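Colleague: Pasting the sequence and the predicted coordinates here, then a few questions.
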Amino acid sequence: MDTSGKAITCRAAIAWATNSPLSIEEVQVEPPKAGEVRIKMLSTGICGTDEHVLKGELLMKFPLIPGHEGAGIVESVGNGVTSVEPGDKVLTLIIPQCRECSSCLNPQGNCCEKQDILPCTGLMVDGTSRFTFKGKRIYHSFRTSTWTEYTVVPEFAVAKIDAAAPMDKVCLISCELPTGYGAAVNSGKVTPGSTCVIFGLGGVGSAIIMGCKASGASRIIGVDINEEKFPKARELGVTDCLNPQKLKKPVQDVVVEMTGAGVDFAFEAIGLTDTMIAAWNSCHKSYGVCLIVGLAPAQTQLSLDAPVIVTGRTLKGVCLGDYKTRDCIPQLVTDYLQKKINIDPVITHQLPFDKLHEALELFHAGKTIRCVLLFQGQK
Ligand code: PAD
Ligand code: ZN
């Protein structure tokens, strides 16, 4: 049945308010307007950023349809869309690439000004939503909203990928893999023989391990309070695992002792200010580089010991691994198909979308690295 130009009724997860249960409901998804793309979702991940949304740590408008780490097939396109057409396999991009703003035009920048995270409007660029439930407006999250059978996304937040891509897995290449892997290879430029510490061994931390390993780091220390994450971290390349709750001293002191004078590269992939400071203090005073990947709660401040900044350490924020997303993410999918990078080890669970609640329980219990939700048409 040709659905183009018509509203589609489908199932979507609605988060009604912060810290309250989601429900899967029948929603109406409007056709894409000019410059927009409607996508039939095939798979989506559950990322730490989605958890920040559900806990109210970002200033979002509710009710909303969560999710951003998505893979699907273009169902229809609005006027003026030229980069994709119905039938194309695509990934949704939480960090878009408009190719017009100051970040996009600068060779070093990738945090496109059309992103809808900081701040979040919950709306498409024209200030309206494409989702309704019983006539009531439902907000978008990050102009992606992937926990739904159909979504509408601006063209600049869509990456067309290889037609051979396995759609039950590659959703992770929309956020988790590039964020972590890119934090190591692009943002940090981890060097062969270097020492690294990674705070947080979840999905993003696991991709950081892969990037450090691929860069030839000789020692990779993994830090997590959930020791169930350690076996996978070791499998991916972590050489030493630390649980800060079991140490007699602050974890940063232990890392400095273990490495002589601090690591070359420290990564924070949790999103807490305390662990950001611990990562900073784990770095070598003179040449250590501290990379903040985790997203701290809205309106929190980072307090650093100011005098030691002049010793030469670098503090760097990481936005989606510094990739210009539409330019680079399709290549990462191709690299995966050519076995140059591997996302398979981080996919610990795959569940049908209907089992979203079970997936969230597993995530909250710390049992998953990444759980991929599969929509109909995908197993
Ligand atoms: P995740 O929940 O899979 O992993 C977080 C890990 O941190 C888990 O293994 C936890 O056990 C561990 N953890 C929690 N508290 C502590 C603590 N106090 N000390 C040590 N370990 C702890 O999340 P994720 O890997 O999907 O995301 C991690 C962060 O990265 C999160 O803040 C998310 O918002 C952010 C992110 N940033 C970008 C970006 O572009 N910068 C992109 C994607 C995700
Ligand atoms: Zn831009």
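Modeller: Perfect, I can see it now. Keep in mind that this is a model prediction, so the values were computed, not measured. Ligands and ions are numbered 1, 2, ... in the order given.

Colleague: drop to CA atoms for contacts and neighbour counts, all remaining ones
Modeller: Fine.

Colleague: the domain parsing of the protein - what is it?
Modeller: Following automatic domain parsing, one finds the domains of the chain at 8-176+322-374, 189-317.

Colleague: As CSV, those domains with mean neighbour count, mean pLDDT and distance to ligand 2 would be great.
Modeller: Converted to CSV, the domains of the chain look like this (neighbours: other CA atoms under 10 Å; pLDDT from 0 to 100; distance: least, CA to the ion, whole Å):
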stretch, mean neighbour count, mean pLDDT, distance to ligand 2
domain 8-176+322-374, 21, 97, 3
domain 189-317, 20, 97, 18
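
Colleague: what about stretch 236-246 and ligand 1, any contact?
Modeller: No - between stretch 236-246 and ligand 1, judged by CA under 6 Å from any ligand atom, nothing touches; the nearest distance is 6.8 Å.

Colleague: Now do the end-to-end distance for that stretch.
Modeller: With CA to CA, to the nearest Å as the measure, the ends of stretch 236-246 fall 23 Å from one another.

Colleague: so how far is that stretch off the chain centroid?
Modeller: 22 Å (CA atoms, centre = their mean, to the nearest Å).

Colleague: Also stretch 240-255?
Modeller: On CA atoms, centre = their mean, the centre of stretch 240-255 falls 27 Å from the chain's centre.

Colleague: Those residues of this protein touching ligand 1, which are they?
Modeller: Counting by CA under 6 Å from any ligand atom, the chain sits next to ligand 1 at 47-49, 175-176, 179, 199-205, 223-226, 269-271, 293-295, 318-320, 369.

Colleague: Which ones among these lie within helices?
Modeller: Counting by DSSP state H, the residues of the chain next to ligand 1 place 48-49, 176, 179, 203-205 in helices.

Colleague: of the residues you listed, closest to residue 87?
Modeller: Checking those against residue 87 with CA to CA, the nearest one is residue 176 at 24.5 Å.

Colleague: Need the nearest residue in space to that closest one, chain neighbours excluded.
Modeller: Nearest residue to residue 176, sequence neighbours excluded (CA to CA, 6 or more residues apart in numbering): residue 204, at 5.3 Å.

Colleague: That neighbour reaches residue 173, doesn't it?
Modeller: No - contact criterion CA atoms under 8 Å: residue 204 and residue 173 do not qualify, at 11.1 Å.

Colleague: The longest strand along the chain pairs with which strands, parallel or anti?
Modeller: If you go by DSSP state E, the chain has its longest strand at strand 36-45. Using DSSP bridges, the strands paired with strand 36-45 in its sheet are strand 70-77 (antiparallel), strand 150-154 (antiparallel), strand 370-374 (antiparallel).

Colleague: Looking at these, which is nearest to residue 109?
Modeller: Per CA to CA, nearest to residue 109 of these: strand 150-154, 19.9 Å.

Colleague: Tell me which residues are up against that closest one.
Modeller: 8, 10, 12, 29-32, 35-41, 92, 124-125, 130, 143-145 (CA atoms under 8 Å, 6 or more residues apart in numbering).

Colleague: Try it again at 7 Å.
Modeller: With contact meaning CA atoms under 7 Å, 6 or more residues apart in numbering, strand 150-154 is reached by 10, 29, 32, 35-41, 130, 143-145.

Colleague: Please tell me how far the residue nearest to residue 176 sits from residue 191.
Modeller: Residue 204 sits 20 Å away from residue 191, taking CA to CA as the criterion.

Colleague: Off-centre distance for stretch 180-197?
Modeller: Mean-position distance between stretch 180-197 and its chain equals 18 Å (CA atoms, centre = their mean).

Colleague: First-to-last residue distance for that stretch?
Modeller: 13 Å.

Colleague: do the same with stretch 215-229
Modeller: One end of stretch 215-229 sits 22 Å from the other (CA to CA).

Colleague: same deal with stretch 250-269?
Modeller: Stretch 250-269 end-to-end distance (CA to CA) = 18 Å.

Colleague: begin at 43 from here
Modeller: Sure, I'll start counting at 43 from here, so that last one is stretch 292-311.
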